[in-house]
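K.L.:
What would the 3D arrangement of this be:
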Amino acid sequence: MFLGEDLLAYLVLAIGGAMAVGSILAIVRPPEQVKDGDLPAAPVARSVVFAVVGAIGAIWALASLLSG
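P.N.:
Coordinates of the predicted model:
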């Protein structure tokens with residue numbers, strides 16, 4: 001198989017981890033200077049939901065990779 005048998009698990013791990021970390025950082029460190037048309041801070045509810053969904057995907061992918 002092209003790029004290995006665990007390609008899907010690696011992709012879910014990468015995307016889920018990036019989604020979780022990015023959403024958490026958007027809450028913790030909002031932009032210092034707001035550009036015209038941007039929000040001053042990330043919507044907290046949406047960011048928390050994205051962080052939870054990303055973390056679940058990353059944990060699931062990690063468990064799939066470690067289990068065999």
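K.L.:
Now do stretch 6-14: distance to the chain's middle.
P.N.:
Stretch 6-14 has its C-alpha centroid displaced from the chain centroid by 13 Å (CA atoms, centre = their mean, to the nearest Å).
K.L.:
how near is the spatially most central residue of the chain to V52?
P.N.:
What sits nearest the mean C-alpha location of the chain, by CA atoms, centre = their mean, is M19, with 1.3 Å. Computed as CB to CB, to the nearest Å, the M19 to V52 distance reads 10 Å. All C-beta atoms are positioned from the backbone trio N, CA, C, and that covers glycine.
K.L.:
Correct me if wrong: Y10 contacts S64.
P.N.:
No: between Y10 and S64 there is no contact under CB atoms under 8 Å: 9.9 Å.
K.L.:
As a check, name the ranges of all helices in the protein.
P.N.:
Using DSSP state H, the helices of the chain run over 7-28, 44-67.
K.L.:
Please name whichever of these is nearest to G37.
P.N.:
helix 7-28 (16.8 Å; CB to CB).
K.L.:
helices or strands next to the closest one in the packing?
P.N.:
For helix 7-28, the elements it packs on are helix 44-67, judged by 3 or more CB pairs under 8 Å, 6 or more residues apart in numbering; DSSP states H and E.
K.L.:
other SSEs contacting the helix it packs on?
P.N.:
helix 7-28.
K.L.:
Just the CA trace of the helix it packs on, in CSV.
P.N.:
Once non-C-alpha atoms are left out, helix 7-28 reads as follows in CSV (Å, rounded to 0.1, in the frame of the first residue of the first chain):
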residue,chain,number,x,y,z
LEU,A,7,-1.7,6.1,6.7
LEU,A,8,-5.3,6.9,7.8
ALA,A,9,-4.4,6.7,11.5
TYR,A,10,-1.4,8.9,11.0
LEU,A,11,-3.5,11.5,9.1
VAL,A,12,-6.2,11.5,11.8
LEU,A,13,-3.6,11.8,14.5
ALA,A,14,-2.0,14.8,12.7
ILE,A,15,-5.2,16.6,11.9
GLY,A,16,-6.8,15.9,15.3
GLY,A,17,-3.8,17.0,17.2
ALA,A,18,-3.5,20.2,15.1
MET,A,19,-7.2,20.9,15.6
ALA,A,20,-6.9,20.5,19.3
VAL,A,21,-3.7,22.5,19.8
GLY,A,22,-4.8,25.3,17.5
SER,A,23,-8.2,25.7,19.1
ILE,A,24,-6.7,25.7,22.6
LEU,A,25,-4.1,28.3,21.6
ALA,A,26,-6.8,30.5,20.0
ILE,A,27,-8.5,30.6,23.4
VAL,A,28,-5.4,31.1,25.5
